[in-house]
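**Student:** return a 3D structure for these sequence lines:
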Amino acid sequence: MKPSKLSSLSLGELKKKEKSLKMAIGLLAGAVLIMYGAQIYNYVETKEVNTLMLLPLVFTFLVIANYVNLKKITAEIKSREDVS
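**Tutor:** Presented below is the predicted three-dimensional model:
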């Protein structure tokens with residue numbers, strides 16, 4: 001999927017993209033919280049550190065990256081609505 005410039009998208013497309021990104025962030029954040037909980041539980045039970053403990057950290061960066069993109073989309077929508 002080729003990334004598109006936000007300025008080339010219509011207002012409807014931006015709102016659709018914003019809605020889907022909000023849903024994705026929510027689901028991903030929930031999954032990250034579950035992963036953190038599972039890793040903490042695993043560490044408490046086994047007292048061992050394994051490489052799977054890095055997985056929630058990696059997904060946390062994905063949540064942050066998606067949140068930054070959501071803010072850009074929201075700012076573009078707001079700028080277009082202010083002009084109208």
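**Student:** residue ranges for the strands of this structure, please.
**Tutor:** Assigned by DSSP state E, the strands in the chain number zero.
**Student:** which secondary structure elements does the longest helix seen in it contact?
**Tutor:** The longest helix of the chain (DSSP state H) is helix 11-46. Helix 11-46 makes packing contacts with helix 55-83 when contacts are defined by 3 or more C-beta pairs under 8 Å, 6 or more residues apart in numbering; DSSP states H and E. Glycine gets a C-beta too; all of them are placed from N, C-alpha and C.
**Student:** which strands or helices does the helix it packs on pack on?
**Tutor:** Using 3+ C-beta pairs under 8 Å, 6+ apart, helix 55-83 is in contact with helix 11-46.
**Student:** which parts of the helix it packs on are buried?
**Tutor:** By neighbour count on 16 or more other C-beta atoms under 10 Å, the buried set for helix 11-46 is 14, 17-18, 21, 25, 28-29, 32, 35-36, 39.
**Student:** tell me the angle of that helix relative to helix 55-83?
**Tutor:** Counting by axes from the mean of the first three to the mean of the last three C-alpha atoms, to 10 degrees, helix 11-46 points 160 degrees away from the direction of helix 55-83.
**Student:** show me what contacts Val32?
**Tutor:** By C-beta atoms under 8 Å, 6 or more residues apart in numbering, the contact set of Val32 is 56, 59-60, 63.
**Student:** let's see it at 6 Å
**Tutor:** Counting by C-beta atoms under 6 Å, 6 or more residues apart in numbering, Val32 makes contact with 56, 59-60.
**Student:** that older thread, quick one: mean pLDDT for the longest helix of the chain?
**Tutor:** Over the span of helix 11-46, the pLDDT mean works out to 95.
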